[in-house]
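Chemist: fold the following and give me the result.
(2 chains)
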Amino acid sequence: MKVMPENAAIGQLRQALPDKRSSTALMALLGVGVVAGTAAIIYVLSVGHLHAYNLTREVPWGILISTYVFFVVSSTGLCLVYSLGHVFGIKKFEIIGKRAILLAILTLLVGFGTIAMELNHPFRMIIWVMLNPNLASPIWWMGTLYGIYLVLLCVEFYALMKHKHKLAATIGLLGFIAAVTAHSNLGAVFGLLEARPFWHGSFLPIYFILSAMVSGGALLAMIIYLNNTFRGRKIPADERNFMQSLGKLQALLLGILIFFVVWKIIPGLYGSPPGKFEATMAMLTGPLSVNFWLFEVLIGLAIPFAILINKRTRTAFGVMLAGVLSTVGIFFMRYDLVVAGQLVPMRVDKAENASPLLQYVPSPAEITIVIGAICLCVLLYVFAERKLDLKGMQEA
Amino acid sequence: MKVKRFAMVLDSNKCIDCKACTVACKVENNVPVEEGNYRNWVSEGALRGKFPDLGQSFQPGQCMQCANTPCDHVCPTGATWVNKDGIVLVDDHKCIGCKYCMTACPYNARYYNETTGAVDKCTFCVQRIYKGRQPACVETCPTKVRVFGDLNDPESEVSKLLVKHAYRVEKPEMGTDPFLFYLI
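Modeler: Predicted coordinates for the structure are as follows:
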């Protein structure tokens, strides 16, 4: 097939990374990340969480929790965007079926792995959530609902691979319901904590669903585009058509997400409400301000929104680039959300604490595990692209 | 026998910040020596006035043994539970180390104990009180800041103190219904 470079940059990328060798090189690089992550896990298991992680009694949830949230948000988002085609009947979105569901499974599994490294006793959990369940606990529901969601995703993937369309339609609807339920409940894990004013309330469950859709769309833009690039071929017409529609959808969703971010900030400032105000200021001017302004606002929201709102830049490449940027932004969004909620101390020792905020910076082990998890997820996906037939309905 | 409701009444004005209570607690309850590991504490208030007319207050605290217990609500495996006498306890072998209870507690009363492999907190020294002894922090306090007892017994010292004196609880706006009472 003749390669038609869309623009010079992509043309160079294609030349530099042709076909199968390119994905072998990528897999080797990802493999290095996975090995580093595994080494960090062995280190954590040998010295214990206390010495390997920078977590304290005041800030017990760190980057492993926020990365877990990032992964499961991605999984939910992939499932929701997938549902647009297979549940809500938007034809253009049907071509992403297998890829969306496969990546939803992988992100969910890697997310589980990440939170398992944050839990002190992941195996004890499996036993006691069944033997002594606390139905009042949002974390109990989180495990249960995501468990059901995982099973549904696996059945859905099987149905798609075996072309069992009736089964796929039924399970797709159930999967959509499970995704919304599980994911809004994840928002409630934070939102039901009255002790944490920055998290408390009904905002987070709703916000999690919306931002999941942004995550899912962003990841789909990346995999559709890069899959063609790495195979050294032009994007097929139907996929280009899909990217166009996805770009418009992403522009709308990012616009709504900007609205959500603004209305998260304003009630945190207005009248300086105790607890909420300090956490909000930690993001605006405090220790999280670079994350917020540079990564969340500029890279995650403003630039991708500007790319997608403009018809001239809303090309397949533009939609992919916006996807990469908003995925990076959303990773930081999760981190800032989880950390900011804990930076306000529950008990202030006025004589000793000059600063009204607590501190948290991830340890090298925490960061390495996160890198390993991301590499593992991409590696498994690239491997699956090589081994499985993931072409969409119309592509086949 | 009538059900008990254990509580503690504290007169912070008597506290001299000697921290004997925190030491006694660590020894009695085998709290591992690491930063951030403690079941009870003494908060230092801001310095008042200008030299040489200065004043400062101290406030001891520990798990408030809340009646409306956020840590108990959120624990996925029921490792945290409340006994019939109102004491909030943790079953070490059921704790999965998710630390949800630590984020749910508005008093920062909990820490993760690497030795027991579970979240740890004040239990009013259950190992002592059911043998008729006082909690370690109460027993050791040189100025008798803390008084421990059964609020369901009108003749107990805690009941009488709360009749005689006005009192307050920490963060009443959280609706946790704490059972540590501070005399005003």
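Chemist: stretch B:51-71 and chain A in contact?
Modeler: Yes: using C-beta under 8 Å from any C-beta of the partner chain, stretch B:51-71 reaches chain A at B:Gln56, B:Gly61, B:Pro70. Any C-beta I mention is one placed from the backbone N, CA and C, and that applies to glycine too.
Chemist: my read is that the first one contacts B:Arg48, right?
Modeler: Yes: at 6.5 Å, B:Gln56 and B:Arg48 qualify as touching, with contact defined as C-beta atoms under 8 Å.
Chemist: list only buried entries from the residues of stretch B:51-71 next to chain A.
Modeler: For those, a neighbour count by 16 or more other C-beta atoms under 10 Å in any protein chain shown gives the buried set as B:Gly61, B:Pro70.
Chemist: from chain A, how far off is the most centrally placed residue in chain B?
Modeler: Centrality entry for chain B: nearest residue to the mean C-alpha point is B:Gln62, 2.8 Å, by C-alpha atoms, centre = their mean. Distance of B:Gln62 to chain A, given as C-beta to the nearest C-beta, to the nearest Å: 11 Å.
Chemist: hang on, isn't that residue packed against B:Trp41?
Modeler: Yes: the pair B:Gln62 / B:Trp41 is scored as a contact, 7.2 Å apart, by C-beta under 8 Å.
Chemist: phi, psi for the residue in chain B that chain A sits nearest to please.
Modeler: Nearest residue of chain B to chain A (C-beta to the nearest C-beta) works out as B:Gly97 at 2.4 Å. Dihedral pair for B:Gly97: phi 70, psi 30, per degrees, to the nearest 10.
Chemist: what's around the residue of chain A found nearest chain B, how many residues?
Modeler: Going by C-beta to the nearest C-beta, chain B is nearest to A:Asn120 of chain A, at 2.4 Å. Residues lying near A:Asn120 (other C-beta atoms under 10 Å in any protein chain shown) number 19.
Chemist: now do A:Thr67
Modeler: 28.
Chemist: mind giving me the packing neighbours of whichever strand or helix holds it?
Modeler: Using DSSP states H and E, the element containing A:Thr67 is helix A:63-86. For helix A:63-86, the elements it packs on are helix A:97-118, helix A:138-161, helix A:165-191, helix A:203-230, helix A:316-343, helix A:364-387, judged by 3 or more C-beta pairs under 8 Å, 6 or more residues apart in numbering or on different chains; DSSP states H and E.
Chemist: what parts of the stretch 101-250 of chain A come near chain B?
Modeler: Residues of the stretch 101-250 of chain A lying near chain B by C-beta under 8 Å from any C-beta: A:118-122, A:124-125, A:128-129, A:132-134, A:136-140, A:143, A:189, A:192-196.
Chemist: give me the pLDDT for A:Gly255.
Modeler: The confidence metric pLDDT takes the value 97 at A:Gly255.
Chemist: so it sits against A:Ala306, correct?
Modeler: No: with contact defined as C-beta under 8 Å, A:Gly255 and A:Ala306 do not form a contacting pair (11.2 Å).
Chemist: quick one on the thing from earlier: the residue of chain B closest to chain A: what's it in contact with?
Modeler: With contact taken as C-beta atoms under 8 Å, 6 or more residues apart in numbering or on different chains, B:Gly97 is in contact with A:His49, A:Leu119, A:Asn120, A:His121, B:Tyr112, B:Gly117, B:Ala118, B:Val119.
Chemist: hmm, 7 Å instead?
Modeler: For B:Gly97, the contacting residues are A:Leu119, A:Asn120, A:His121, B:Tyr112, by C-beta atoms under 7 Å, 6 or more residues apart in numbering or on different chains.
Chemist: for the residue nearest to A:Lys91 when sequence neighbours are not counted, grab the count of nearby residues.
Modeler: Excluding its sequence neighbours, the residue lying closest to A:Lys91 (C-beta to C-beta, 6 or more residues apart in numbering or on different chains) is A:Gly85, at 7.1 Å. Neighbour count for A:Gly85, taken as other C-beta under 10 Å: 21.
Chemist: do the same with B:Asp53
Modeler: Residues lying near B:Asp53 (other C-beta under 10 Å) number 7.
Chemist: who does it bridge with?
Modeler: Beta-bridge partners of B:Asp53, counted by DSSP bridges, are B:Lys50.
Chemist: do you know the pLDDT at it?
Modeler: So, for B:Asp53, pLDDT stands at 95.
Chemist: returning to what we had before: quick check: mean pLDDT of the helix holding A:Thr67?
Modeler: For helix A:63-86, the mean per-residue pLDDT is 95.
Chemist: likewise stretch A:217-235?
Modeler: 91.
Chemist: buried set for that stretch?
Modeler: A:217-232, A:234-235.
Chemist: which residues sit in contact with residue 85?
Modeler: Unless you meant another one, I'm taking chain A. A:Phe93, A:Glu94, A:Ile96, A:Gly97.
Chemist: my question was about chain B, not that one.
Modeler: B:Asp85 neighbours (C-beta under 7 Å, 6+ apart): B:Val3, B:Lys4, B:Arg5, B:Phe6.
Chemist: please convert those to JSON lines, extending it with distance to chain A and secondary structure.
Modeler: Below are those laid out as JSON lines (distance: C-beta to the nearest C-beta, whole Å; DSSP: H, G, I helix; E, B strand; the rest coil):
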{"residue": "B:Val3", "distance to chain A": "23", "secondary structure": "coil"}
{"residue": "B:Lys4", "distance to chain A": "25", "secondary structure": "coil"}
{"residue": "B:Arg5", "distance to chain A": "22", "secondary structure": "coil"}
{"residue": "B:Phe6", "distance to chain A": "22", "secondary structure": "strand"}
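Chemist: how about B:Gly61, secondary structure?
Modeler: Counting by DSSP: H, G, I helix; E, B strand; the rest coil, the backbone at B:Gly61 sits in strand.
Chemist: what packs against the lengthiest helix in chain A?
Modeler: The longest helix of chain A (DSSP state H) is helix A:237-269. Using 3 or more C-beta pairs under 7 Å, 6 or more residues apart in numbering or on different chains; DSSP states H and E, the elements in contact with helix A:237-269 are helix A:203-230, helix A:276-284, helix A:303-309, helix A:316-343.
Chemist: what angle sits between that helix and helix A:63-86?
Modeler: Helix A:237-269 and helix A:63-86 meet at an angle of 130 degrees, taking axes from the mean of the first three to the mean of the last three C-alpha atoms, to 10 degrees as the criterion.
Chemist: show me which residues of helix A:237-269 are buried.
Modeler: Buried, per 16+ other C-beta under 10 Å, within helix A:237-269: A:238-240, A:242-244, A:246-247, A:249-251, A:253-254, A:257, A:260-261, A:264, A:268.
Chemist: now do stretch A:134-152
Modeler: A:134, A:137-146, A:148-150, A:152.
Chemist: same question, stretch A:309-325
Modeler: A:309, A:314-325.
Chemist: contacts for it?
Modeler: A:6-7, A:10, A:218-219, A:221-222, A:225-226, A:235, A:240, A:243, A:246-247, A:250-251, A:299-300, A:303-304, A:307-308.
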